[in-house]
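> just to be clear, the model below is a prediction. Sequence and coordinates:
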Amino acid sequence: MKNNSITPQGYAPSRVLLTGATGYVGSRLLSRLEACGLSIRCLVRDPAKLQGKYNEPTEVVQGDVLNRASLVAALDGVETAYYLVHLMASSPQFEQQDREAAENFAAAAKAAGLRRIIYLGGLGDDDDPTLSPHLRSRHEVGDIFRRSGVEVIEFRASVVVGSGSLSFDLIQSLTNRLPVMICPRWLATPTQPIAIEDMLRYLTAALDLPSSESRIFEVGGSEIVTYGNLIQEYARQRGLRRWLISVPILTPRLSSLWLGLVTPASAEVGRHLIEGLRNPTVVRNPDALQAFALRPMGIEQAIREALQPSDSAD
């Protein structure tokens with residue numbers, strides 16, 4: 001555990017429910033919350049996937065956000081819940097399933113008297129008519145939670161930089177395998193990536209916010225860059241010589257098939273991710289810097305930490 005973690009000191013929830021504990025952010029957040037001494041309950045579809053990855057007295061319950069009845073026991077006695085679920089990888093109809101899951105969770109949370117939902121979504125302009133289905137779905141989930149009447153702290157973030165993050169792993173795989181990249185226009189799209197360490201600090205610090213109305217916090221690192229800049233900085237730190245050749249004809253559909261050939265991700269998931277890469281994902285509202293005593297790191301440090309061997313486990 002790094003020494004710049006934040007331990008909640010104000011409001012101390014009696015029990016915290018963590019969904020998405022088997023995912024990249026969720027698994028790391030679990031370790032962070034345990035180190036804070038909190039009482040944690042993890043909701044997972046397959047408890048075997050968490051075997052050996054949590055400590056006593058953390059509790060693991062079986063359930064599914066697509067099954068509202070299974071959420072009743074999971075939310076019993078809980079005051080705050082983290083919602084880190086995204087169903088993009090599980091179904092081509094992920095928008096419908098994300099909507100159903102959010103409605104289930106919101107209704108169950110309201111019925112259980114939940115005090116707060118802390119939700120990790122995605123950056124992107126709601127007024128952009130070309131906003132990708134992936135990003136629009138992320139925003140819709142937050143809207144559903146807010147309509148429930150439960151207080152919601154929604155973080156909107158871009159690429160999370162860390163070993164194991166799907167978006168960052170795509171960048172690594174492309175850069176490692178292709179000395180010359182024929183690149184679509186989305187490589188020039190501005191984005192504001194955030195280091196996994198900073199994302200965890202925000203998520204943990206949200207427990208300490210005084211009760212208030214629901215809020216949306218746009219969070220990102222200290223720099224706005226392009227996806228091309230990310231590839232170049234990663235290549236520089238790895239000592240790789242890479243050439244990026246931009247062309248206007250590589251469509252998102254072709255790009256996803258291309259990614260499916262050179263990365264571990266499926267072409268379907270890659271397509272949804274790339275559809276989001278055409279949209280600028282930058283922080284437009286600086287409220288997070290005022291609400292939290294955190295100053296996120298820049299791209300060079302974020303990538304350097306992601307390349308450290310210890311980054312695979314907190």
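Cool, the structure landed. Numbers count the residues shown, from 1 in each chain.

> my read is that D98 contacts V141, right?
Yes: contact criterion CB atoms under 8 Å: D98 and V141 qualify, at 5.7 Å. From N, CA and C alone the C-beta is placed, and that goes for glycine too.

> where does the most centrally placed residue in the chain land in three-state SS?
Residue closest to the mean C-alpha point of the chain, counted by CA atoms, centre = their mean, is L120 at 5.5 Å. Following DSSP: H, G, I helix; E, B strand; the rest coil, L120 is assigned to strand.

> right, and it touches F155 too?
Yes: counting by CB under 8 Å, L120 does reach F155; the two are 5.2 Å apart.

> what do the two both touch?
Shared contacts of L120 and F155, defined by CB atoms under 8 Å, 6 or more residues apart in numbering, are found at 199, 203.

> give me the neighbour count for P210.
6 (other CB atoms under 10 Å).

> OK, contacts around the closest residue to S212 other than its chain neighbours?
Leaving out its chain neighbours, the residue that sits closest to S212 by CB to CB, 6 or more residues apart in numbering is E151, at 7.1 Å. Contacts for E151 (CB under 8 Å, 6+ apart) come out as 115-117, 211-214.

> so E151 bridges to which residues?
R116 (DSSP bridges).

> gap between it and S39?
20 Å (CB to CB, to the nearest Å).

> check G239 too.
46 Å.

> more crowded one of these two?
More neighbours surround S39 than the other of G239 and S39, with 17 against 6 (other CB under 10 Å).

> quick one: that one and E56 touch, right?
No: in this structure S39 lies outside contact range of E56 using CB under 8 Å: 11.0 Å.

> pLDDT weak spots in the stretch 51-200 of the chain?
88-92 (pLDDT under 70).

> ranges for the helices of it?
Assigned by DSSP state H, counting those that start in this stretch, the stretch 51-200 of the chain shows helices spanning 71-75, 94-112, 133-147, 166-177, 196-205.

> one step back: and the contacts of E151, which of them are buried?
Buried members of these, counted by 16 or more other CB atoms under 10 Å: 115-117, 214.

> so which pair among these is furthest apart in space?
R115 and S214 (12.0 Å; CB to CB).

> give the contact list for D46.
Applying CB under 8 Å, 6+ apart, the residues near D46 are 22, 62.

> if you set the cut-off to 10 Å instead, what comes out?
22, 62, 64 (CB atoms under 10 Å, 6 or more residues apart in numbering).

> now V225: how far from Y82?
28 Å.

> who has more neighbours, those two?
Just comparing V225 and Y82: by other CB under 10 Å the higher neighbour count belongs to Y82, 29 against 20.

> any idea how far the more buried one is from E300?
Distance from Y82 to E300, by CB to CB: 29 Å.

> please apply the same query to S39.
From S39 to E300 the distance is 38 Å (CB to CB).

> and for Q62?
In terms of CB to CB, Q62 sits 42 Å off from E300.

> what's the answer for Q232, then?
Counting by CB to CB, the gap from Q232 to E300 is 11 Å.

> quick one: which of these two has more around it?
Q232 (17 against 13).

> now do the contacts for the more buried one.
175, 187, 225-226, 240, 242, 244.

> and these, which is the shakiest by pLDDT?
Sorting those by pLDDT puts L187 at the bottom of the list (79).

> mind checking the SS state of the residue nearest to that residue when sequence neighbours are not counted?
Ranked by CB to CB, 6+ apart and with sequence neighbours excluded, the top spatial neighbour of L187 is G228, at 4.0 Å. Applying three-state DSSP to G228 yields a three-state assignment of helix.

> same question, the one 4 residues further on
On the three-state scheme (three-state DSSP), Q232 is labelled helix.

> how far away is it from P280?
19 Å.

> now do Y202
Y202 is 21 Å from P280, by CB to CB.

> correct me if wrong: V44 contacts T19.
Yes: in terms of CB atoms under 10 Å, V44 counts as a neighbour of T19; the distance is 8.1 Å.

> what touches both of these two?
With CB under 10 Å, 6+ apart, V44 and T19 have common neighbours 26, 63, 74.

> highest neighbour count among the residues you listed?
A74 (24 neighbours).

> residues in contact with that residue?
A74 touches 17, 19, 41-44, 59, 61-65, 81, 105, 108, 112, counting by CB under 10 Å, 6+ apart.

> again, only this time at 7 Å
Shown in contact with A74 (CB atoms under 7 Å, 6 or more residues apart in numbering): 17, 41, 43, 61, 63.

> give me the phi and psi for the second one.
The phi/psi pair for R41 (degrees, to the nearest 10) reads phi -120, psi 130.

> separation between it and D208?
20 Å.

> give me the more crowded residue out of those two.
For R41 versus D208, the count of surrounding residues by other CB under 10 Å is larger for R41: 22 against 14.

> residues near the nearest residue to that one once chain neighbours are set aside, how many?
In space, and not counting its chain neighbours, R41 is closest to E59: 4.5 Å by CB to CB, 6+ apart. E59 has 14 neighbours, counted by other CB under 10 Å.
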